[in-house]
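*Asks:* Task: produce atomic coordinates for the following.
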Amino acid sequence: MLDLFSIVIPARYDSSRFPGKPLVKILGKELILRVYEKCKIAFPNSKIYVLTDDKRIINFCKKKFIPNFKTSKKCKTGTDRIFEIKNKIKSKLFINVQGDEPLIEVKNLRKFISIALKNKNQICIGKSLINKNKYDNENIPKIVTNEKDELLYISRSTVPGSKNKKDYKIYGQVNVYSFPKVLLINKMFNKKSKNEEIEDIEILRFLEHGYKIKVVNLKSNNHAVDIPADIQIVEKILKKI
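*Replies:* Numbering: from 1, shown residues only. Below you'll find the model as predicted:
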């Protein structure tokens, strides 16, 4: 019997910007463990797996009784890890929660998955309003949608641009995605598209192949861990919670 969905958490040890990131401790608790626990709180009865090619992460998951799958080192992205294990997990829908989101809110996970299940034949991603001081932050992909809340483009640059520099709202990506299994076509596995390669944003592969992508608006204060300096920022936020 197929489950409606499973949650998958891709984790890469050899990050170019932050090697060893999944196992770095944040106030004494490893990053990957924080992400897993948030998913477990949101959906205690659902299947949740860490996907990684690194033995250190696998050994840590075993120690903490976190279900996991070993993926090959040839996977270019977290999305490709899902491509690789898609037939090993009996689910119609894969909810990808990035392994660098220790502050992901439980309410947002629940809202996102609820909407993803209503749009189970369509890829979904999350967005949230970002502060002006983050407009130029290249670690935050900016999202542009149409009137149907479908993705038009996503970029590390400040989009949409304003010719007159007027005040306007800019939305950043929240690192949760939903992928219907039927849309994970083998010919797209490990084949980065042109703009995906330029921007280093995985979802562009699907946009460039003509997929309609539903964008879910979330009220989020989360802060992803992209570089070592983010650890201190996340710890300050956690101390205030």
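
*Asks:* can we go C-alpha only for contacts and neighbour counts from here?
*Replies:* Fine.

*Asks:* for this structure, which spans come out with low pLDDT?
*Replies:* Residues of the chain meeting the criterion pLDDT under 70: 1-2, 165-166.

*Asks:* Could I get the full set of helices for it?
*Replies:* Here the chain has its helices, by DSSP state H, at 31-42, 55-63, 78-85, 106-118, 194-199, 204-208, 229-240.

*Asks:* Relative to Asp100, which of the ones you listed is closest?
*Replies:* helix 31-42 (6.9 Å; C-alpha to C-alpha).

*Asks:* Just name the most buried of the helices of the chain.
*Replies:* Using mean count of other C-alpha atoms under 10 Å, the stretch among the helices of the chain with the greatest mean number of neighbours is helix 78-85 (a mean of 22).

*Asks:* Need the contact partners of stretch 160-179.
*Replies:* Stretch 160-179 is contacted by residues 93-98, 101, 112-113, 116, 122-130, 135, 140-144, 159, 218, 220 when judged by C-alpha atoms under 8 Å, 6 or more residues apart in numbering.

*Asks:* same check, this time on stretch 222-230
*Replies:* Arg17, Phe18, Asp100, Glu101, Pro102, Leu103, Ile104, Glu105, Asn139, Ile231, Val234.

*Asks:* Name only those of those that count as buried.
*Replies:* Among the contacts of stretch 222-230, those scoring as buried are Phe18, Asp100, Glu101, Pro102, Leu103, Ile104, Glu105, Ile231, Val234 (criterion: 16 or more other C-alpha atoms under 10 Å).

*Asks:* Tell me the one of those nearest Glu202?
*Replies:* Distances from Glu202 to the buried ones among the contacts of stretch 222-230, taken by C-alpha to C-alpha, are shortest for Asp100, at 15.0 Å.

*Asks:* tell me the contacts of the closest one?
*Replies:* Asp100 touches Lys21, Pro22, Leu31, Ile32, Val35, Ala224, Val225, Asp226, counting by C-alpha under 8 Å, 6+ apart.

*Asks:* And Asp54, how far from Asn45?
*Replies:* According to C-alpha to C-alpha, to the nearest Å, Asp54 and Asn45 sit 27 Å apart.

*Asks:* between these two, which one's more packed in?
*Replies:* Counted by other C-alpha atoms under 10 Å, Asp54 and Asn45 do not tie: Asp54 has more neighbours, with 16 against 8.
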